[in-house]
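> fold the stuff below for me.
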Amino acid sequence: ADLFDGIVMAEQRFHGEGYQEGYAEGSHAGMAEGRRYGALHGARMGSEIGCYLGFALTWHCLLQKCTDEKSSKKIRALDSLIGMIQKFPYEDPTYDKLQEDLEKIRGKFKQVCAMLNIQSDFRIGTERSSLTF
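Numbering: from 1, shown residues only. As a prediction, the model looks like this:
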């Protein structure tokens, strides 16, 4: 009876072993793919935010010498954008409002561009990122 039991149960045993091996291999591949995906999208987000910060700091320096009321409003909007970027939680990928805060930064950037009468278009391509005016 033990001889036939081994034969009958072989399919179930091999199925279980195959499942365990496949699960372990899939978990490993999923972790590697997740790391690549996270690194790629983190780099894109960092590039976008860095571009916004460079833009804001440059315009802030250019407008500092202007004393009229319109320039003062533009500087306040730039200060607000710079502050939002500086408070952005770069090191915490588990921050639950990451996308929400990023959308607020994008909105503030568009507002600043409108105040400066600049057409903005931030694109991230596979080859390079660009900000065109």
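> tell me where the chain has helices.
Along the chain, counting by DSSP state H, helices occupy 2-63, 69-87, 98-115.
> I'd like those helices as CSV, with mean neighbour count and distance to Asp121 appended.
Quick note: C-beta positions are derived from backbone N, CA and C, even for glycine. CSV is the format used below for those (neighbours: other C-beta atoms under 10 Å; distance: least, C-beta to C-beta, whole Å):
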stretch, mean neighbour count, distance to Asp121
helix 2-63, 12, 11
helix 69-87, 15, 17
helix 98-115, 15, 10
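> columns mean pLDDT on top of those, output as TSV?
Below are the helices of the chain laid out as TSV (pLDDT from 0 to 100):
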stretch	mean pLDDT
helix 2-63	88
helix 69-87	93
helix 98-115	93
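> quick check: nearest residue in space to the spatially most central residue of the chain, chain neighbours excluded?
Nearest to the mean C-alpha position of the chain, by C-alpha atoms, centre = their mean, lies Met45 at 3.5 Å. Counting by C-beta to C-beta, 6 or more residues apart in numbering, Met45 lies nearest to Leu102, which is 6.8 Å off, once chain neighbours are set aside.
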